[in-house]
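sequence plus predicted model, see below.
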Amino acid sequence: MKRSAPGAIALVLLVLAGACLHGNFLSPRVGLDLLSDNAVLGVAVLGTTCVLVAGGLDLSIGSLAALASVVLARLLGDARVAPAVAIPIVLAMGALLGLLQGAAVVAFGLQPFLVTLAGMFLFRGVALSLAEESIPIRDPRWIGLAAASLPLPGGHALRAGGVVFAAVFVLWAAFGARSRFVARLHAVGGDERSALLLGVPVRTTKLAVHALSGATAALAGVLFAAASSSGSSIACAGLELDAIAAAVVGGVALGAGGGTFRGGGRGGAAGAFLGVLVFGVIADLILFQGTLSAGWTRVAMGGMLLLFLALHRALAGVGSPAIGR
């Protein structure tokens, strides 16, 4: 809770600022659009958070999401596969590619950073080879599915992307947050050697978390395809960095061992969810302002990330190194 407290405070302050500056900022429509507009990032950050908690790092999720959108577009268009069949195929592909990356980490003792960096280039390259240009999805079944929404009281509705985003985190909070798998993630990220001595299946856990990251990245690609009605090999560029930034704002530690944070094993999906909302509210504030370009969203995100790095360092009780040592 202590690590996610700054994110919660920042979210409340940003929402209050928006309410003071814009009269309709707290309307239900804005809140529902916040979930829908950030669905791609919100789903991707779940897998990213699990990898970070386990002491790893996945740089391939943006490229894998783009590849998933292209494969989905090809299946729906060229192969004329039904969406109910194409979506599970794409998710299974993402899980398999993530599993292969985890296998490289486990089998050869390589750093996840290096393995997923190679995956980032590989997946993007495959996506470009499959489609250099955006592929429109004209399947009427897909169009109807993408346009679906969940009716809510008061005449409001939550778009399909927002429904998936909310459902993923509700299911994770209900069944995953206290599962044995998540406990193993914290154990491996906190101290891998101690976890091994305590009987935690470290290798299996690493394989599983990379498979989960691949599956959530593929789901993010599916949501992108739903929002844009297309598959694109250049989509989701930088998604992995946005997901890492959102997780950090939510209090998730980076890496195992030393560094800014004292090891992995800290943080959780709830904090990462807060981080996604913080960045989403920042984007909404800039949009409501009307006079600022979209580039200021990135500036604000960068400044917010630096601020939270400093706050987490202070909360961890890590003193600044002496100059000149």
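Now that the structure is in, tell me what you want to look at. Numbering: from 1, shown residues only.

please make it C-alpha for all contacts and neighbour counts, starting now.
Noted.

give me the distance between residue 124 and residue 291.
Taking CA to CA, to the nearest Å as the measure, residue 124 falls 35 Å from residue 291.

ok, these two, which is more surrounded?
residue 124 (22 against 8; other CA atoms under 10 Å).

now the one helix or strand residue 206 maps to: mean pLDDT?
Assigned by DSSP states H and E, residue 206 belongs to helix 202-228. Averaged over helix 202-228, pLDDT sits at 97.

partner strands of the very next helix or strand once past that helix and their direction?
Next along the chain after helix 202-228, taking DSSP H and E as the criterion, comes strand 230-231. Strand pairing for strand 230-231, determined by DSSP bridges: strand 135-136 (antiparallel).

can you map out the helices along this protein?
5-21, 28-37, 39-53, 61-77, 83-108, 112-130, 140-146, 160-171, 180-190, 192-197, 202-228, 239-249, 269-289, 295-315 (DSSP state H).

closest to residue 152 out of those helices?
Residue 152 lies closest to helix 28-37 among these, at 10.2 Å (CA to CA).

now the angle from that closest one to helix 160-171?
Orientation check (axes from the mean of the first three to the mean of the last three CA atoms, to 10 degrees): helix 28-37 against helix 160-171 gives 80 degrees.

list the helices and strands helix 28-37 packs on?
strand 156-159, helix 160-171, helix 269-289 (3 or more CA pairs under 8 Å, 6 or more residues apart in numbering; DSSP states H and E).

swap the cut-off to 6 Å and go again
Counting contacts by 3 or more CA pairs under 6 Å, 6 or more residues apart in numbering; DSSP states H and E, helix 28-37 packs against helix 160-171.

what angle sits between the helix it packs on and helix 39-53?
30 degrees.

if I pick residue 274, what's in contact with it?
residue 250 (CA atoms under 6 Å, 6 or more residues apart in numbering).

likewise the one 4 residues further on?
By CA under 6 Å, 6+ apart, residue 278 lies in contact with residue 11.

so residue 55 touches residue 189, yeah?
Yes. At 4.2 Å, residue 55 counts as touching residue 189 under the criterion of CA atoms under 6 Å.

what pLDDT does the model give the residue lying closest to residue 279 once chain neighbours are set aside?
Once flanking residues are discounted, residue 279 sits nearest to residue 301: 6.6 Å by CA to CA, 6 or more residues apart in numbering. Note on residue 301: pLDDT of 81.

low pLDDT regions in the stretch 101-250 of the chain?
Scanning the stretch 101-250 of the chain with the threshold set as pLDDT under 70 gives 177.

so how far is residue 137 from the spatially closest residue to residue 161 that is not a sequence neighbour?
Using CA to CA, 6+ apart and skipping the chain neighbours, the partner closest in space to residue 161 is residue 36 (5.1 Å). Using CA to CA, one gets 20 Å for the distance from residue 36 to residue 137.

residue 225: what's it in contact with?
Contacts for residue 225 were tallied using CA under 6 Å, 6+ apart; they are 69, 231.

give me the pLDDT for the residue nearest to the spatial centre of the chain.
Centroid-nearest residue in the chain: residue 45, 1.7 Å away (criterion: CA atoms, centre = their mean). We have a pLDDT of 94 for residue 45.

these two touch, right, it and residue 243?
Yes. Counting by CA under 6 Å, residue 45 does reach residue 243; the two are 4.7 Å apart.

between those two, what contacts are shared?
Counting by CA under 6 Å, 6+ apart, nothing touches both residue 45 and residue 243.

among the helices of the chain, which is nearest residue 154?
Across the helices of the chain, closest to residue 154 is helix 28-37 (CA to CA), at 9.3 Å.

which positions within that closest one qualify as buried?
32, 33, 34, 35, 36, 37 (16 or more other CA atoms under 10 Å).
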